[in-house]
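Enquirer: Provided below for reference: sequence and predicted model.
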Amino acid sequence: MDVVREPRQDRSRATRQRLLEAAIECLAEVGWSGSTVAVVAERAGVSRGAAQHHFPTREDLVTSAVEYVSQERLARLRELAVDLPSGPGRTQAVIELVEHMYTGPVFGAAIHLWVAASADERLRERVLVLEARAGRETHRVALELLGVDESVPGVRETVQATLDLARGLGLANLLSDDSRRRAKVLRQWARMLDASLTSGS
């Protein structure tokens, strides 16, 4: 019985993961209105019924997808942290890692979700909970990577400003390739951040 159950569970997990990844791709490419359960299911290569077995509504599917990918991204950040330089250059390297969180299809998908949530009260309630959790976890990872103590006055706000800056730059990048300007801004911010965190320690 266990031998039968395990492959079935593996297939179920694989189907769920395909749906989550397909939802992110659809949301980034065609937005909220185009990311129906049927469209996502077709892209994932599963039936609509199978999709609705895992995610009864579009809200379930899309918010679960954004949360799943956000968690994967944070886990990847922690993995990459092993190779970060120590001493001079670390702050710049951390900022570049953080910046990558706010570029690419995952961030684009999140933006579409935020816009839809601004006009849909039921969706907004779910997105607010999701964003609050993701914000706390991202902030915690940034503190870990920078090796700073948020109990020191000003550190929490400085790290949050770093995340807000990276998100704003990522938003500008959605309309056109903003990489050159973004790189200059981030280099300057790294110098300012180093000076601020050093003076506060």
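Expert: Yep, it's here.
Enquirer: what's the helix or strand for the nearest residue to Val115 once chain neighbours are set aside?
Expert: Residue nearest to Val115 in three dimensions, not counting chain neighbours: Trp32, with 7.1 Å by CB to CB, 6 or more residues apart in numbering. C-beta coordinates here come from the backbone N, C-alpha and C atoms, glycine included. Assessed by DSSP states H and E, Trp32 sits inside helix 2-34.
Enquirer: any idea of the mean pLDDT for that helix?
Expert: Taken as a whole, helix 2-34 has a mean pLDDT of 84.
Enquirer: I'd say the residue nearest to Val115 and Val62 touch.
Expert: Yes: with contact defined as CB atoms under 8 Å, Trp32 counts as touching Val62 (7.4 Å).
Enquirer: quick one, which of those two is more surrounded?
Expert: Ranked by neighbour count (other CB atoms under 10 Å), Trp32 and Val62 place Val62 first, with 27 against 20.
Enquirer: ok, the more buried one - contacts?
Expert: Ala23, Leu27, Trp32, Ser35, Leu113 (CB atoms under 8 Å, 6 or more residues apart in numbering).
Enquirer: where's the first one relative to Ala142, distance?
Expert: So that's Ala23. In this structure, Ala23 and Ala142 are 26 Å apart, going by CB to CB, to the nearest Å.
Enquirer: and the contacts of stretch 181-194?
Expert: Thr91, Gln92, Ile95, Glu96, Glu99, Thr158, Thr162, Leu165, Ala166, Leu169, Ala172, Asn173.
Enquirer: how close does the spatially closest residue to the fifth one that is not a sequence neighbour sit to Leu175?
Expert: So the one you mean is Glu99. Using CB to CB, 6+ apart and skipping residues adjacent in sequence, the residue nearest Glu99 is Ala166, 5.0 Å away. When distance is defined by CB to CB, Ala166 is 17 Å away from Leu175.
Enquirer: got any ranges where the protein has weak pLDDT?
Expert: Counting by pLDDT under 70, the low-confidence segments of the chain come to 1-6, 199-201.
Enquirer: ok, now which ones touch the most centrally placed residue in the chain?
Expert: Here the mean C-alpha position of the chain is nearest to the C-alpha of Ser70 (CA atoms, centre = their mean), at a distance of 3.7 Å. Taking CB under 8 Å, 6+ apart as the criterion, Ser70 is in contact with Val106, Ala110, Ala134, Glu137.
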